[in-house]
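Asks: Take this sequence and fold it.
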Amino acid sequence: MATNDPGTGAGADAAKVSEVLQTETGGRALQGPAAVLLFIIPVCWSLFQLWIASPLPFILNFGIFNSTEARSIHLAFAVFLAFSAFPMIKGVHANKVPIYDWVLALAAAFAASYLYVFYDQLATRPGAPITADLWVAMVGLVLLLEATRRALGLPLTIVAAVFIGYSLAGPYMPDVISHKGVSLNKLASHQWLGTEGVFGVALGVSTSFVFLFVLFGALLERAGAGNYFIKVAYAMLGHMKGGPAKAAVVSSGLSGVISGSSIANVVTTGTFTIPLMKRVGFPATKAGAVEVAASTNGQLTPPIMGAAAFLMVEYVGISYLEVIKHAILPALISYVALIYIVHLEACKLKMHGIERPNRPSLAQRMLNWVVVLIGLIVLTFAVYYGVGWTKGVLGEAAPWVLGPVLVAIYVALIGYATRFPELEEDDPDKAMDELPEVGPTVKTGLYYLLPVVVLVWCLTVERFSPQLSAFWATLFMVFIVITQRPLKAFFRKHGGFMGEFTGGIGDLFHSLATGARNMVGIGVATATAGIVVGTVTLTGIGLVMTQFVEFLSGGNLLLMLMFTAVISLILGMGLPTTANYIVVSTLMAPVIVTLGAQNGLLVPLIAVHLFVFYFGILADDTPPVGLAAYAAAAISGADPIRTGIQGFTYDIRTAILPFMFIFNTQLLLIGLTGWVDLLITVFSAVTAMLVFSAATQGYWFTRSYKWETVLLLLITFTMFRPGFWWDMVYPPYEERQGEAIMEYVEQAEPDEKVVFRVSGMALDGSDTTTYTQLEIPAGDSATERLSAAGLEVSVSGDMLAVDFVNFGSAAEEAGIDFGWNIEAVQAKLERPPKEVMFIPALLLLALVAFGQLKRKAREDAQPQAA
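Replies: Next up, the predicted model:
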């Protein structure tokens, strides 16, 4: 158990969380000229990022940077701040920046900005660097590794160093992973002077998207949105059993809009919710674990899902809107399940909620919920179709009309908010024996939702890029930060208008500085993770990994997924989620897709990337290094290892989701045929997750017997993956060969996706057999339809020989090559819907519920009889 001794227990935990928070906010506590300089430079970084994201450079034809130049400047800011804000040795020079750190900061910034400063000269000698180029590249790599060590610790530094060592020592590696090796010059040039390594896609995403979203969150937090979300969640849920814990879950989910960091979530919402949970009866370990589980899932919550979500846009090749669509259902059911787990814990502890003053009747509460729900639906439709109509009439002039309308709504909401008392800042030591009223609490900050509305509107309706969407949302957030204080003073008639306006300007600059400081870790992490990506392209280890993993897993996809999950968890213990995602997805995502196809399971690439993403996030509460668990334990006073273990037991519900959506992609809203299909999928997924929560907690209506837990797990599996059982009774398809392939293609629906078994010579010269999916266009005959898809074939016995593949065609993208054979087609069979399996599963669930309810009634009657 933790003690208050500064050297042990809670004191040691506090030291650990302080170290963790340095990664989030910057390491040194400075004063004097150094502090001023390290305030001005982050502000300049934020202004630079706003400039390159805005349309102004193209309107004014001034200050236009291409992607490589922007990445170079971005990294220069990040490494400069890493050396100047983080000491070489923790605790040494914590209050000043020694001369050698200024020198290292300037050297690192020069090496990073080298691509910008000498861009034209480098462009004239691609692949033929001069000696100065190579020296800068090698020094830059060393300084980047040191900046990473300072800002993020040793793990990512070691991983990058291992990959550099692997590049150089290829011939000396074991046969299974050996390669011909590269020279030091080639390594430096590839990793630093091009866009294959450090300055690759990962750093590009950090430059383009992530910075603006982090800045957006910093502005929201400075404006008071974090405090508002916590108070709203507590006001709405505090009266329930385990109310403060449920409020922690909801507020962490809402904070996911502000922060893509689980650690930042813990320390912002946790300082308020963890003491409250302890006060109403939660043990310290469980209070911290609930906050950890809620905060780690904050990164799963659209529309802002941390840096990794933006990387998926680049790696998977889909829009950010598509990423949100695929991620929304798993995130929602994960949060619903966590709230239910908290409810079960509260029931086990026989807890009660905090009584709300003037508590309305059940009928009134139900009416309020219905009114709110109908109001939101009406508002959504009015905004969507109203603005859509406006756009149709006004065309390009629509933003000039809608902008002032948005500002008018904002001013009106500010005026409306001033009718209610200002929300107080959270005081974790204050006794909480009554709840704030829901109505006034919600109404004080409705205007905080407007920037999120702008963001979602730009992403979903305007279909702007994530960068431009974030720019407009951030710009509106800047407007709010500057104006909310003077407007409130005006409406409340307090006077001091100019003083409040000056305070708003001060809030803006502090937000700009905070957002940039929060980006230091992400900036260097994405750059260093680029070394891993560069190694893959330089050495060809990607193909080697396929053979290596296939050897370890024996070609079994489930074993391979478990292997990938373990790698993600181990790496994620010391790596930020973003870096972990880049490393594991680069190495493992292609392997899973390839081996899945060879085993007849066509796994969408987005499903594999979300799989890696989920387990990278779960690493934040995985003992012994779960950083979020240390942060929560420092607040709760509990043991961090126990907190991490308890948090991981709560997060098991999140850990099974990736396995389920690999085998049932309907959970990612892939392959749905309509609204009925969508509703059935949502119902079955939510039911499955709630049943799984009850099974893992060993408690539903009362404590479960072991056989009941087994039945609940069986029901969970059936609800998540009904096809597993149904395929045994009714096979989903049969394989047809020879002429039957052409007959099936001719009868296929236009643009139907048909699965073929194909074989041929792989890139490494070996013979391979795999499955691939090809969309068949409309046509009068099978030959014409295959030709439209890019294939020219001839019947050869029981197979089709591929005579020609059109360059850039759908067939080429599907992986079919000239000289290959199409061995068979998977012909879909008519069968009853697999959802029929839900009926016996639900009947079995009702039987378990009946038994538990009868047992609970007997248990409740025993104390009365006594």
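Asks: And for residue 195, the neighbour number?
Replies: Residues near residue 195, counting by other CB atoms under 10 Å, number 16. (Each C-beta comes from the backbone N, C-alpha and C, glycine too.)
Asks: ok, it - contacts?
Replies: 67-68, 71, 204 (CB atoms under 8 Å, 6 or more residues apart in numbering).
Asks: go with 7 Å
Replies: Residue 195 is in contact with residue 68, counting by CB atoms under 7 Å, 6 or more residues apart in numbering.
Asks: doesn't it fall inside a helix?
Replies: No: secondary structure of residue 195 (DSSP: H, G, I helix; E, B strand; the rest coil): coil, not part of a helix.
Asks: Distance of it relative to residue 126?
Replies: 11 Å (CB to CB, to the nearest Å).
Asks: can you check residue 118 too?
Replies: 13 Å.
Asks: Residue 459 too?
Replies: Per CB to CB, residue 459 is found 36 Å from residue 126.
Asks: which of those two has more neighbours?
Replies: Using other CB under 10 Å as the criterion, residue 459 and residue 126 rank with residue 459 on top: 22 against 10.
Asks: check contacts around the more buried one.
Replies: Here residue 459 is in contact with 303, 320-321, 466, 469 (CB under 7 Å, 6+ apart).
Asks: now with 6 Å?
Replies: Residues in contact with residue 459 (CB atoms under 6 Å, 6 or more residues apart in numbering) are 321, 469.
Asks: Tell me the pLDDT of it.
Replies: With respect to pLDDT, residue 459 scores 70.
Asks: Next: residue 475.
Replies: With respect to pLDDT, residue 475 scores 92.
Asks: do the same with residue 362
Replies: Reported pLDDT at residue 362 in the predicted model: 50.
Asks: repeat for residue 820
Replies: On the pLDDT scale, residue 820 is placed at 89.
Asks: State the helix or strand in which the nearest residue to it once chain neighbours are set aside lies.
Replies: Nearest residue to residue 820 in three dimensions, chain neighbours excluded: residue 760, at 3.2 Å (CB to CB, 6 or more residues apart in numbering). Per DSSP states H and E: residue 760 is located in strand 752-761.
Asks: contacts for that strand?
Replies: 748, 769, 771-776, 816-817, 820-826.
Asks: again, only this time at 8 Å
Replies: 602, 733, 735, 741, 744-745, 748, 767-776, 802, 815-817, 819-826.
Asks: which stretches of the stretch 251-400 of the chain form strands?
Replies: Using DSSP state E, counting those that start in this stretch, no strands are assigned anywhere in the stretch 251-400 of the chain.
Asks: pLDDT below threshold where in it?
Replies: Where the stretch 251-400 of the chain drops to pLDDT under 70, the residues are 252-264, 267-268, 271-272, 302-308, 352-399.
Asks: repeat that for 50
Replies: Residues of the stretch 251-400 of the chain meeting the criterion pLDDT under 50: 368-369, 372-373, 375-376, 379-380.
Asks: Helices of that one, residue ranges please.
Replies: Per DSSP state H, counting those that start in this stretch, the stretch 251-400 of the chain carries helices over the ranges 262-279, 284-296, 307-316, 320-348, 362-394, 398-417.
Asks: likewise the stretch 51-200 of the chain?
Replies: Using DSSP H, counting those that start in this stretch, the helices of the stretch 51-200 of the chain run over 56-60, 67-85, 99-117, 119-124, 131-152, 154-168, 184-192.
Asks: what about the chain, any weak spots by pLDDT?
Replies: Applying pLDDT under 50 to the chain flags residues 1-26, 368-369, 372-373, 375-376, 379-380, 866.
Asks: so how far is residue 551 from the residue nearest to residue 820?
Replies: Note on residue 760: its distance to residue 551, by CB to CB, is 22 Å.
Asks: out of these two, which sits in the more crowded spot?
Replies: Taking other CB under 10 Å, residue 760 and residue 551 do not tie; residue 760 has more neighbours (17 against 10).
Asks: ok, the more buried one to residue 419 distance?
Replies: According to CB to CB, residue 760 and residue 419 sit 72 Å apart.
Asks: do the same with residue 103
Replies: 57 Å.
Asks: Residue 616 touches residue 580, doesn't it?
Replies: Yes: counting by CB atoms under 8 Å, residue 580 is a contact partner of residue 616 at 4.0 Å.
Asks: angle of the longest helix belonging to the chain against helix 154-168?
Replies: Longest helix in the chain, counting residues (DSSP state H): helix 497-539. Put simply, helix 497-539 runs at 30 degrees to helix 154-168, going by axes from the mean of the first three to the mean of the last three CA atoms, to 10 degrees.
Asks: can you give me how far helix 497-539 is from the chain middle?
Replies: Relative to the chain's own centre, helix 497-539 is displaced by 17 Å; criterion: CA atoms, centre = their mean, to the nearest Å.
Asks: please begin residue numbering at 49 from this point
Replies: New numbering, starting at 49: the last item is helix 545-587.
Asks: what angle sits between it and helix 179-200?
Replies: Calculated by the same axes, to 10 degrees, helix 545-587 forms an angle of 120 degrees with helix 179-200.
Asks: Would you mind giving the domain segments of this structure?
Replies: Domains of the chain are assigned by automatic domain parsing as 65-272+425-578, 739-767+881-914, 790-878.
Asks: Can you say which of those domains is nearest to residue 699?
Replies: Among the domains of the chain, the nearest to residue 699 by CB to CB is domain 739-767+881-914 (10.3 Å).
Asks: what sits up against stretch 710-722?
Replies: The contact list for stretch 710-722, computed with CB under 8 Å, 6+ apart, reads 373-378, 609, 649, 651-652, 654-656, 658-659, 705, 708-709, 725-726, 729, 733, 768-769, 771-772.
Asks: from the residues you listed, which ones fall inside helices?
Replies: Those of the contacts of stretch 710-722 mapping onto helices are 373-378, 609, 654-656, 658-659, 705, 708-709, 725-726, 729, 733, 768, 771-772, per DSSP H.
Asks: Please indicate which of the contacts of stretch 710-722 are buried?
Replies: Among the contacts of stretch 710-722, those that count as buried by neighbour count (16 or more other CB atoms under 10 Å) are 373-378, 609, 651-652, 654-656, 658-659, 705, 708-709, 729, 733, 768-769, 771.
Asks: can you pull out the strands in the stretch 749-898 of the chain?
Replies: Using DSSP E, counting those that start in this stretch, the strands assigned to the stretch 749-898 of the chain run over residues 781-784, 800-809, 815-824, 839-844, 847-853, 869-876.
Asks: Could I get the contacting residues of residue 863?
Replies: The contact partners of residue 863, taken as CB under 8 Å, 6+ apart, are 806, 818, 820.
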